[in-house]
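> Sequence first, predicted model second:
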Amino acid sequence: MSEPPSPRSARAGSAAHADRRSLFTRLVEAISPGPDSKDELIRTLADAEQRELIEPESRLMLEGVLRMADLTAGDVMVPATRMDQLDIAADYDELLGAVIATAHSRFPVYDGSRENVIGILMAKDLLKLQRAPELNLRTLLRPAVFVPESKRLNELLRDFRSNRNHLAIVIDEFGNTAGLITIEDVLEEIVGEIEDEFDEQAQENGIYTLADGSHRVAGDVAIGAVNEAFGTALPEQDFDTIGGLVAQELGRVPRRGEAVELGGLRFTVMITRGGAVRWFRVARVPTAASTEGGDVD
């Protein structure tokens, strides 16, 4: 029966094996060196997609992860001037109206001035006041999380996950409120726009047909594309996008649920993001003839 190898010979064999692996690794690196920069890595991912080694969606997500490391909270936040906030002194009906109009799930609450954020109110917690009016709104507030503008998104995402927070108030170098950022804002830098809408037939120009025959139109769609799709003649000389034209018509950024009629079309705001309209629902305004015809028995 053969004797077991001595510890010395085992170590020698292990070292030789490690040397062989190291040599193999060096040979692979010499033949096909890895990327030396982030831009080169992104080009490598694009090449991998072209060779069908990875799916296009996977490449976009990986690129989002790489680019997210260079972004800060200040790059993605909703500016303070466009934040939807609640006043702690407002009555219940006013608070409920604001919650319904904006359709957010969380709201910064201020006391006195908008700069003085004292907590975060969950929309579902507001319903508790309806059943128990004697409750003090302050007792329903949750602590606000404050982060600097320079906070990197990858670090912020880690904090959101570990602390189970979904919203943070962004402050500038002087301690003033600069804006707010949500976990959804961070995730969208990786996976793209997160939507929860109706089934539709997609078009490449950002105009979608909904099940009821109306359309969903992105706020950044060119006015020319809207004219072509709907056979309208909306003015194109002053604004490039339909969102800019609607905002000019109102004199301000429209809020969710507001509607404007232009060129025989009714534009109803579906979603706003970062102080701009993300999606409109667009339907043709009924003509007088069709309305009168509908009244005929």
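Sure, I can see it.

> Name the helix or strand for Ala46, please.
Taking DSSP states H and E as the definition, Ala46 sits inside helix 38-50.

> Low-confidence ranges, the stretch 151-297 of the chain, go.
The model of the stretch 151-297 of the chain has pLDDT under 70 over residues 192-205, 210-212, 273-275, 288-297.

> where do the strands sit along it?
167-171, 177-182, 200-201, 207-210, 215-218, 259-262, 265-273, 276-284 (DSSP state E, counting those that start in this stretch).

> Leu62: which of those strands is closest?
strand 177-182 (22.5 Å; Cβ to Cβ). Where C-beta positions appear, they are placed from N, C-alpha and C, glycine not excepted.

> what are the pairing partners of that closest one, and which direction each?
The sheet places strand 177-182 alongside strand 78-79 (antiparallel), strand 167-171 (antiparallel), with pairing taken from DSSP bridges.

> Let's see stretch 241-254 as PDB, backbone CA atoms only.
Output of stretch 241-254 as PDB, limited to C-alpha atoms (Å, rounded to 0.1, in the frame of the first residue of the first chain):
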ATOM      1  CA  THR A 241     -42.100  69.500 -27.000                       C
ATOM      2  CA  ILE A 242     -45.800  69.100 -26.200                       C
ATOM      3  CA  GLY A 243     -45.000  69.400 -22.500                       C
ATOM      4  CA  GLY A 244     -43.500  72.900 -23.000                       C
ATOM      5  CA  LEU A 245     -46.500  74.000 -25.100                       C
ATOM      6  CA  VAL A 246     -49.000  72.900 -22.500                       C
ATOM      7  CA  ALA A 247     -47.000  74.500 -19.700                       C
ATOM      8  CA  GLN A 248     -46.900  77.800 -21.700                       C
ATOM      9  CA  GLU A 249     -50.700  77.600 -22.200                       C
ATOM     10  CA  LEU A 250     -51.300  77.300 -18.500                       C
ATOM     11  CA  GLY A 251     -48.500  79.700 -17.500                       C
ATOM     12  CA  ARG A 252     -47.000  77.100 -15.100                       C
ATOM     13  CA  VAL A 253     -46.200  73.400 -14.800                       C
ATOM     14  CA  PRO A 254     -49.600  71.600 -14.800                       C
END
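
> Give me the residues contacting it.
Residues outside stretch 241-254 that contact it (Cβ atoms under 8 Å, 6 or more residues apart in numbering) are 82, 217, 219-223, 226, 234-235, 238-239, 258, 260, 262, 267, 269, 272, 275-277, 280.

> re earlier: could the strands of the stretch 151-297 of the chain go into a markdown table alongside mean neighbour count and distance to Glu189?
Formatted as a markdown table, these follow (neighbours: other Cβ atoms under 10 Å; distance: least, Cβ to Cβ, whole Å):
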| stretch | mean neighbour count | distance to Glu189 |
| --- | --- | --- |
| strand 167-171 | 22 | 15 |
| strand 177-182 | 23 | 11 |
| strand 200-201 | 12 | 24 |
| strand 207-210 | 18 | 23 |
| strand 215-218 | 22 | 18 |
| strand 259-262 | 14 | 31 |
| strand 265-273 | 19 | 13 |
| strand 276-284 | 20 | 15 |
